[in-house]
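Engineer: the following block contains a protein sequence and its predicted model.
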Amino acid sequence: MTENQNKTKLSRHQFLGIAWFGALATLVGEFFAGLLVFIQPNLEGGFGGIVRAGKVEEFLPGSVNLVQAGRFYLVRNGEGGFIAYWQRCTHLGCSVPYEEEQAAFRCPCHGSVFDEHTGEVTGGPAPRPMDIFPIEITDGEVFVDTGNPQERSAFSDDQIAYG
Ligand code: FES
């Protein structure tokens, strides 16, 4: 083997070493990038994190508004208070549409009906009222914490948030 061939062989070894190291570094980097995405709180304002619903004055008293990004209904009562209902049925989890003409939420799966003012069950098999999300009103903006759903057995006034 000449000295020149020896150099080429050594270069090949170095190349393979660098290639292996590069592949390993890429795998480890991808693993930790994926882990970071998984464990970080949702900062994009989507479901599972704090969702900015909008300014207080954007919601008329007595209105029901679906906030699709957070999968909840933001209901503003006649006195100006807010409550946020998770759109998920408390029976088996179907999405519950709002029926304005009935002033109620009616689940298409097995017919549970929820009152628009309280979220309480007025018909069907649902075992409890619609779950709610905590609301924070800061600087005239309504924020809803969709990472913290709260089950309840009944409606009470302290579930209403005021700005
Ligand atoms: S999932 Fe809504 S009534 Fe069954």
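Structural biologist: The structure has been received and is ready for your questions. These numbers were taken from a predicted model, which means no experiment stands behind them.

Engineer: if I look at Asp158, how far off is the ligand?
Structural biologist: Per CB to the nearest ligand atom, to the nearest Å, Asp158 is found 26 Å from the ligand. For the C-beta atoms, the positions are set from N, CA and C on the backbone; glycine is no exception.

Engineer: so when I look at that residue, I'm seeing a helix, right?
Structural biologist: Yes - under DSSP: H, G, I helix; E, B strand; the rest coil, Asp158 falls within a helix.

Engineer: okay, now it: neighbour count?
Structural biologist: Number of residues near Asp158 (other CB atoms under 10 Å) recorded here: 6.

Engineer: swap in Phe114?
Structural biologist: Around Phe114 sit 25 other residues, with neighbours defined as other CB under 10 Å.

Engineer: so it is in which element?
Structural biologist: Using DSSP states H and E, Phe114 sits within strand 113-115.

Engineer: what lies in contact with that strand?
Structural biologist: The contact list for strand 113-115, computed with CB atoms under 8 Å, 6 or more residues apart in numbering, reads 85, 96, 102-107, 120-124, 126, 129-130.

Engineer: before we move on, what about stretch 118-135?
Structural biologist: By CB under 8 Å, 6+ apart, stretch 118-135 touches 70, 72, 82-86, 88-91, 96, 104-105, 107, 110-115, 142-146, 148-155, 159, 161.

Engineer: out of those, which are buried?
Structural biologist: 70, 72, 82-86, 88-91, 96, 104-105, 107, 112-115, 142-146, 149, 152, 155, 159, 161 (16 or more other CB atoms under 10 Å).

Engineer: any idea how far Ile132 is from the ligand?
Structural biologist: Taking CB to the nearest ligand atom, one finds Ile132 at 17 Å from the ligand.

Engineer: and for Ser112?
Structural biologist: On the measure of CB to the nearest ligand atom, Ser112 and the ligand end up 4 Å apart.

Engineer: one step back: just checking: which of the contacts of strand 113-115 also lie near the ligand?
Structural biologist: 107, 124, 126 (CB under 6 Å from any ligand atom).
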